[in-house]
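> Here is a sequence together with a model predicted from it:
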Amino acid sequence: GSPIHDRYNNFRAYYNAYYNASRVMEEGERQLDRPDQALDRTRLVSIFPEGTGGRGAQFTEAIEKSSELLRARADSKWADDALFIIGKAYFYQENVVGAEQKFRETIQVAEARGNERLADEARLWLGRTLGLAQRYEEGATVLQERLAQAAGNRRDQARLRLVLGELFARAGRYDEAVTALRAGIPDERDPDTAARALILLGQVEEERGQFDAAGESYRDAGLRNPAYELAYAAELSRALVLGLDAPGRTNDGLEIIRRMRRDDKNYQHRAEVELAYGRILANAGQEQEALQAMRSVVYDPQLQGGPLRGETHTRLAEFYRDVRGDFVRASAHLDTAATALRQPAGTEQNLTRAALVGIPRTAAAFNAYAQVANRLAEADSLLELGMLDDEAFAERIRAIEVQRREIYREEQRRLAQTRAQQDFAGREG
C-alpha cells in the first residue's frame, strides 16, 4: 500500500489500542462505583472511589493494552493518555509506587504537549496516590503548588481542593481541611461526590468540636439528593451529632431519629436506627425508654441486630456507667462487647468519633473494678447478716430466696419470649 495508507492503518491501530484501554478502564471504574454499598461511618469518608487491593481483571487488561500502545509508538498523540490510564489502574490495584511514577510521567509529557487539563487531572491522582501511601504532606504540597497558580477549569480546581481537603483531614490538619473542602464543594456538580465531601466535612467539624456546623454539613449532604446509602449515613450522623453533642439540640436529634424510625426506606438499617434512638433517648433523660430501645437491638430477633451486637453492648455499658452509675453491669456489657467487636480497619488518622477503640482494655479495667465492688458488697452483706438476731436472720434469708426465684422466673419468661419471637420469625420466613 501507499505511505498514506500505511499511516492511516497505523493511526487506526493506535487509536483502537487507546480506545480499548479506555473502555476497559471505564468498565472497572463502574464496578467500583457502588451507590448501594453502606458507608462506614467509623472511617473518614473517601470522596472518590478507592482501590481494590489488586482485585479487578479490567485494571490488569487496561495496563496491558496501554503498555502495548506505548511500546509500539512512544511518541503517539495518545502516549500521555496511555500513561495516565496505567497510573489509574495501578492506583486501583493499590500499587502506589507504580501509580506515582506513571502520574509524574503523565504530568511531564502532558505539560510538554500543552495539555494542561490532563496534567491537572494527573496531579489530582498523584495527590490521591500519595495519600494512599499515607504521605499526606507530600500530596498536599503537590496540590497546593497547582492551586497557587490560580488558573484552570473551575470544576478541576474544585476537585483539586476536595482531594486537598481529604489529605488535610487524614493528616489531622482539620482547620485547613475545612477551608479546602468549603472552597471546593460549591463547584462540585455530581450529587454523590458532593454528598461524600459534605459528609467528610461533617466528620472533620466533629473532630474540631463544631457540632452545630457538623449537623449543617450532614443536612446539606442530604439536600444534594445522593444515592440512598449516602443520604442515610448523612441523616443518621446528623441525628447523632445533634442528639448527643450539639448544646441544646437534643430534641432536634430526637425528632430526626424518630422520623427515620418511621421511614420504610430504612427498614434494612432498622437495628442501627433503633440503637441511635436509644442513645439519644438516654441523653434526653428518658432512661427506661432508652434501655428498652437498646436492649431490643440484641434481644428482639425482628430487628436482626446481630452485626451490631458489640456496639450495642458498648452503648449499654455507657448507659449503666453514665446514667445509672452501675459499674458492675457496665463491666458485664463491656466483657461481651470486647469479645464481639472487631478492631476497626484503617489507620489512626482514618478513624472517626464513631469508631469504638480500646474496648478490651476498658473492659479489663472495669472487670477489675467490678470484682472489687462485688467483694465489698459481699463483705458488707456478711457483716450485716452477722449482726442480726436469729429471727431477723431467717427473715433475711427468706427474702433473698424470694428475690432469687423472681430473678429466675424473669429470666425464664424472657427466654420463652425470645424463643416465641424466633419461631414466629422462622414461620414468616
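Sure, I can see it. In this text the structure is predicted, and so the values were computed from the model without any measurement.

> close enough to count as contact, F211 and L242?
Yes - taking C-beta atoms under 8 Å as the definition, F211 is a contact partner of L242 at 7.4 Å. From N, CA and C alone the C-beta is placed, and that goes for glycine too.

> Between the two, point out the one with more neighbours.
The residue with more neighbours, out of F211 and L242, is L242; 26 against 18, by other C-beta atoms under 10 Å.

> Just read off the phi/psi values of the residue nearest to E287 when sequence neighbours are not counted.
The shortest distance from E287 to any non-neighbouring residue, by C-beta to C-beta, 6 or more residues apart in numbering, is to V323 (5.8 Å). When quoted as degrees, to the nearest 10, the phi and psi of V323 stand at phi -90, psi -40.

> any idea how far V323 lies from D40?
28 Å (C-beta to C-beta, to the nearest Å).

> Ok, L124 next?
Using C-beta to C-beta, L124 is found at 23 Å from D40.

> how many neighbours does A282 have?
So A282, with other C-beta under 10 Å, has 24 neighbours.

> looking at this, it is in a strand?
No - according to DSSP: H, G, I helix; E, B strand; the rest coil, A282 belongs to no strand; its state is helix.

> who touches it in this structure?
Neighbouring residues of A282 by C-beta atoms under 8 Å, 6 or more residues apart in numbering: 290-291, 294, 319, 322-323.

> What residues sit buried inside stretch 116-133?
Buried positions in stretch 116-133, judged by neighbour count with 16 or more other C-beta atoms under 10 Å: 116, 118-132.

> Repeat that for stretch 333-346.
So for stretch 333-346, counting by 16+ other C-beta under 10 Å, buried means 333-338, 340-341.

> same thing with stretch 176-190?
Applying a neighbour-count criterion of 16+ other C-beta under 10 Å, one finds 176-178, 180-181, 183-185, 187-188 buried in stretch 176-190.

> Quick one: end-to-end length of that stretch, please.
Distance across stretch 176-190, first residue to last, is 23 Å (C-alpha to C-alpha, to the nearest Å).

> now that stretch, how far from the centre of its chain.
Distance of stretch 176-190 from the chain centroid (C-alpha atoms, centre = their mean, to the nearest Å) equals 20 Å.

> Stretch 189-201 too?
Centroid separation for stretch 189-201 versus its chain: 14 Å, with C-alpha atoms, centre = their mean.

> still on that earlier bit, okay, now the residue nearest to E287: neighbour count?
V323: 14 surrounding residues under other C-beta under 10 Å.

> Use 4 as the first number from now on
All set: I'll call the first residue 4, so the last point we hit is now V326.

> quick one: contacts for it?
V326 is in contact with 285, 290, 293, counting by C-beta under 8 Å, 6+ apart.

> export those to TSV and tack on distance to L226 and pLDDT?
Formatted as TSV, the contacts of V326 follow (distance: C-beta to C-beta, whole Å; pLDDT from 0 to 100):
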residue	distance to L226	pLDDT
A285	29	96
E290	35	94
A293	30	96
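
> which residues does the nearest residue to L150 once chain neighbours are set aside contact?
Nearest residue to L150 in three dimensions, chain neighbours excluded: L163, at 5.8 Å (C-beta to C-beta, 6+ apart). Taking C-beta under 8 Å, 6+ apart, we find L163 in contact with 123, 126-127, 130, 146, 149-150, 187.

> For L163, give its distance to E219.
For L163, the distance to E219 - C-beta to C-beta - is 24 Å.

> what pLDDT, on average, does stretch 319-336 get?
Stretch 319-336 carries an average pLDDT of 86.

> so how far is the first residue of that stretch from its last?
OK, stretch 319-336 end separation, C-alpha to C-alpha: 7 Å.

> Counting neighbours, which bits of that stretch end up buried?
319-324, 330, 333-336.

> Going along the chain, name the helices of the stretch 204-353 of the chain.
Taking DSSP state H, counting those that start in this stretch as the criterion, the stretch 204-353 of the chain contains helices spanning 214-226, 231-247, 253-265, 273-286, 290-302, 312-325, 330-343.

> Among those helices, which comes closest to Y93?
Closest of the helices of the stretch 204-353 of the chain to Y93 is helix 231-247, at 27.4 Å (criterion: C-beta to C-beta).

> From the chain's centroid, how far away is the closest one?
For helix 231-247, the distance to the chain centre is 12 Å (C-alpha atoms, centre = their mean).

> Ignoring the adjacent residues along the chain, who's closest to S69?
Among residues not flanking S69 along the chain, A85 sits closest, at 4.1 Å (C-beta to C-beta, 6+ apart).

> For that neighbour, give me its contacts.
Counting by C-beta under 8 Å, 6+ apart, A85 makes contact with 21, 24, 69-70, 72-73, 79.

> Going by distance to A234, which of the contacts of A285 wins?
Nearest to A234 out of the contacts of A285 is M297 (C-beta to C-beta; 24.7 Å).

> can you tell me how far E209 sits from G54?
26 Å.

> Tell me the predicted confidence for the residue nearest to L150.
Listed pLDDT for L163 reads 91.

> any idea how far R192 is from it?
Distance, L163 to R192, by C-beta to C-beta: 15 Å.

> Quick check: M263 touching A237?
No - at 11.3 Å, M263 and A237 do not qualify as touching, with contact defined as C-beta under 8 Å.

> And these two? Which one has more around it.
Each of M263 and A237 has its neighbours counted (other C-beta under 10 Å); A237 has more, 27 against 22.

> Who are the contact partners of that one?
Shown in contact with A237 (C-beta under 8 Å, 6+ apart): 198, 201-202, 205, 221-222, 224-225, 229.

> nearest to E394, of those?
The shortest gap between E394 and any of the contacts of A237 belongs to Y221, at 64.5 Å (C-beta to C-beta).

> That closest one contacts Y235, doesn't it?
No - contact criterion C-beta under 8 Å: Y221 and Y235 do not qualify, at 11.1 Å.
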